[in-house]
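Asker: sequence first, predicted coordinates after that:
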Amino acid sequence: KISTRQISSTVTMRPIENFQKNDSTCPKMADADDGFLPVEGSDGNLRKKIIVKGIGDDKPTPGDKVQVHYTGTLTSDGTKFDSSRDRDGNFEFQLGVGQVIKAWDVGIATMRQGEKCILRCTSEFGYGAQGSPPKIPPDAGLDFEVELLDWSEGSKEPWQLSIDEKLTLGEEKRVEGNTKFKAADFHGAVRAYRAGFIPLQDMYEEGGEETGDRQEDDREKGKELTVKLALNLAQARLKADVEMYLAVKECTLALQLEGNNLKALYRRAQANLRRGELQLAREDFEAILKLEPEHQEAQVEMRRLEVAQAKARKAEKALYSKMFA
């Protein structure tokens with residue numbers, strides 16, 4: 001369970017109900033704010049301006065665990081009072097359960113993955129008549145520049161699921177991911193496959209939780225589905241062109257569970273190509289051709305790789321010649 005988070009040592013994102021309201025000194029925002037549009041259901045207390053559009057149509061729902069970056073400023077003069085970007089990592093909380101101020105619970109539920117926006121709220125949706133001294137004065141309007149990085153379902157932590165629950169969730173998310181993949185929603189497919197894959201992967205990864213799921217019969221029971229999810233997730237990442245290093249890890253796990261899996265070798269090689277790891281990609285293509293000499297895709301990629309490596313060697317040689325000329 002996620003505990004209430006501190007946004008800074010002096011500013012705690014907490015429900016507005018904890019503050020006294022003073023409608024006479026907390027006016028609704030004017031409709032003329034440039035580029036800002038009212039957020040439905042906020043009664044004029046929250047407006048939003050999109051800076052960068054998000055990807056896909058999915059949005060987080062109450063109970064989901066969301067990960068964001070944010071910078072908070074006073075609407076009146078732009079003074080910054082806190083920012084996740086000033087610290088290591090991002091900010092994570094459970095949406096819609098009162099762990100944060102109302103502006104966030106309402107506003108972030110309107111965002112898509114990768115979206116960056118400004119949420120502008122009155123004190124009624126912020127820190128109320130009392131403010132949050134010393135950084136946020138009483139009745140302060142606030143601006144939050146928020147980037148929605150990701151989210152996941154918040155019902156249970158992966159380690160809390162039984163093997164049967166993991167298998168059920170994994171199969172549901174595999175089917176959901178396939179639907180999104182066929183619709184060319186590759187980012188949505190990544191989220192779906194990952195939601196099914198993460199609870200299963202811990203049974204096989206080095207350093208995972210030492211629980212009953214470590215028993216050999218459970219490991220064997222989940223192996224086939226884990227391989228499918230790992231390969232589907234890697235392929236969705238390739239299509240979405242995101243997080244190639246994770247695609248490599250997922251293919252590597254699939255190979256640990258099912259040695260000489262051609263799809264795992266090929267997708268890992270593709271991911272390493274995009275990472276610029278030409279020698280690692282070559283090793284996988286060579287392994288494929290050793291197992292299946294007539295593998296046409298691997299033959300084509302090997303020819304391209306040989307040309308790329310030759311160019312890289314030539315460029316390196318030219319660089320050294322200039323350095324020691």
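Answerer: That came in fine, so what should we check first? Treat the numbers as computed from the prediction; the structure is a model and nothing was measured.
Asker: for M111, see how far away the residue nearest in space to the middle of the chain is.
Answerer: In the chain, the residue lying closest to the centroid (Cα atoms, centre = their mean) is D150, at 3.3 Å. Using Cβ to Cβ, to the nearest Å, one gets 11 Å for the distance from D150 to M111. Yep, even glycine has a C-beta here, placed from its N, CA and C like the rest.
Asker: pretty sure H187 sits in a helix.
Answerer: Yes. Counting by DSSP: H, G, I helix; E, B strand; the rest coil, H187 falls inside a helix.
Asker: contacts only, for it.
Answerer: The contact partners of H187, taken as Cβ atoms under 8 Å, 6 or more residues apart in numbering, are I55, G56, Q113, G114, A240, V242.
Asker: now it: closest residue in space that isn't a chain neighbour?
Answerer: Excluding the flanking residues, the one nearest H187 by Cβ to Cβ, 6 or more residues apart in numbering is I55, at 4.6 Å.
Asker: I'd guessed the residue nearest to the centre of the chain sits against K65; true?
Answerer: No. Applying Cβ atoms under 8 Å, one finds D150 not in contact with K65, separated by 9.0 Å.
Asker: ok, back up a step: the residue nearest to H187 against G114, yeah?
Answerer: Yes. Using Cβ under 8 Å, I55 is in contact with G114, at 4.8 Å.
Asker: what's around the residue nearest to H187, how many residues?
Answerer: I55: 16 surrounding residues under other Cβ atoms under 10 Å.
Asker: same deal with D58?
Answerer: When neighbours are counted by other Cβ under 10 Å, D58 comes out with 16.
Asker: for it, what are phi and psi?
Answerer: phi -70, psi 150 (degrees, to the nearest 10).
Asker: same check on L119?
Answerer: phi -100, psi 120.
Asker: beta-bridge partners for it, please?
Answerer: Beta-bridge pairing for L119 (DSSP bridges): K48, F144.
Asker: wait, doesn't it sit right on D105?
Answerer: No. With contact defined as Cβ under 8 Å, L119 does not reach D105; the gap is 10.8 Å.
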